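Chemist: Quick one, fold the following:
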Amino acid sequence: MSSAEHTVFISSATGYQGLALSKKLREMDWNVHATTRDLSSPAAVTLKEIGVQLKEADWDNLDVLRESIKGCDKLWLCLLPDWDDPTRERRQCANMLDIAKEAGVKQVIASTTLGVSQLDANVRVYPGSFMEKHMLNKKAVETSVEERGFEHFTFLRPTFFMANFLEPKVKRYDEIRDHRSWTTSMTAETQLPILDHHDIARFAVVAFQDPAKFHGRKIGLASDQMGIQEMLSMLAEAADQPGSIKAHFLTDEEIEAQAQGSGFANTHKVLRTASDYIDFDELRAIVPSLTSFKEFLEREKETVKRTFPHRNE
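Modeler: Numbers count the residues shown, from 1 in each chain. Next up is the predicted model:
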């Protein structure tokens, strides 16, 4: 089958993962279909400029979804959690997969989370925490794909995003931006695997091009790995403020005291073992030149400076 015959529906096409993947697929002259809630957003404008067939709708608009997925032979499934309605992600997943199956889609690549690997290994997560809900939802997404019997499917399980340190994602970690510190239940010894979203797109392209080889595979994704303070020091250096960002590691007693709170303490404790579920030899066999954190910071240097202005600015 020639590349011109491939048509991919990209969910979350205006997001970090979907936008990077859409650009790579269009560079290969593959057809890309997608939906967006706002055709006038900067990301949507970019997608239209590169030739993506874009329709305005959310994922609850099944008629537009059917119209957009019609004629596609491949699906990129990357859904967003809704903390106000935990059932929404699973519902939208089921609808999208059913429509894709009816439309004759042959291959599905789903981006879930490395947390599914940890969940499968019975890593302890605080019951009822947002992290447990997130992991269970992503596990349900994978199960939904498997149950529908697509000809080929692959699960990519991303770890902690490098982009979490920069605007706009840094709002979830505003302590780093506003106070130049990171209070975490990871430890000074933790080696945290981190991921460049551009690398997700590179893995997806490889899997899309060889469906049989990647069928059924569940791949934990990371681009680099390092200690927490080392990471923060590199970030501060990139912002031309060396030594300005410090890690504060919680004691186990402090972590337990915060376990029922709304913060990220329980999430970070899960991240202590994230490196156990990453195989860099396997990853480099698929994509030989993974993006280092240093390379990411150099590429995103303007965003780094915008996120971490000097105190007198």
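
Chemist: can we go C-alpha only for contacts and neighbour counts from here?
Modeler: Fine.

Chemist: the strands in the protein, which residues?
Modeler: Taking DSSP state E as the criterion, the chain carries its strands at 7-10, 31-36, 53-56, 74-77, 107-111, 152-158, 160-161, 181-184, 191-195, 218-221, 224-227, 246-249.

Chemist: Just the CA atoms from the fourth one would do, formatted as CSV, please.
Modeler: Which is strand 74-77. Provided in CSV are the C-alpha atoms of strand 74-77 (Å, rounded to 0.1, in the frame of the first residue of the first chain):
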residue,chain,number,x,y,z
LYS,A,74,-5.8,4.2,10.9
LEU,A,75,-6.6,5.8,14.3
TRP,A,76,-4.5,7.7,16.8
LEU,A,77,-6.3,7.4,20.1
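
Chemist: quick one: strands adjacent to it?
Modeler: strand 7-10 (parallel), strand 107-111 (parallel) (DSSP bridges).

Chemist: Next, the buried residues of the longest one.
Modeler: Meaning strand 107-111. Neighbour counts over strand 107-111 (16 or more other C-alpha atoms under 10 Å) mark Gln107, Val108, Ile109, Ala110, Ser111 as buried.

Chemist: how many other residues sit next to Glu102?
Modeler: 12 (other C-alpha atoms under 10 Å).

Chemist: Next: Arg306.
Modeler: Other residues close to Arg306 by other C-alpha under 10 Å number 12.

Chemist: how near is it to Leu195?
Modeler: 21 Å (C-alpha to C-alpha, to the nearest Å).

Chemist: what's the answer for Ala20, then?
Modeler: For Ala20, the distance to Leu195 - C-alpha to C-alpha - is 13 Å.

Chemist: and what of Gly15?
Modeler: 15 Å.

Chemist: Who has more neighbours out of the two?
Modeler: Taking neighbours as other C-alpha under 10 Å, Gly15 and Leu195 compare with Leu195 leading, 25 against 16.

Chemist: Quick one: residues contacting the more buried one.
Modeler: Shown in contact with Leu195 (C-alpha atoms under 8 Å, 6 or more residues apart in numbering): Pro158, Thr159, Phe160, Phe161, Met162, Leu221, Ala222, Ser223, Asp224.

Chemist: you'd agree the fifth one is up against Ile194?
Modeler: Translated: Met162. Yes: with contact defined as C-alpha atoms under 8 Å, Met162 reaches Ile194; the gap is 5.8 Å.

Chemist: neighbour count winner among the two?
Modeler: Counted by other C-alpha under 10 Å, Met162 and Ile194 do not tie: Ile194 has more neighbours, with 25 against 22.

Chemist: follow-up on the earlier one: reformat the strands paired with strand 74-77 into CSV and put distance to Arg272 and mean pLDDT next to each item.
Modeler: What follows is these, written out as CSV (distance: least, C-alpha to C-alpha, whole Å; pLDDT from 0 to 100):
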stretch, distance to Arg272, mean pLDDT
strand 7-10, 32, 98
strand 107-111, 22, 98
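
Chemist: So which of the ones you listed is nearest Ala238?
Modeler: Closest of the strands paired with strand 74-77 to Ala238 is strand 107-111, at 29.2 Å (criterion: C-alpha to C-alpha).
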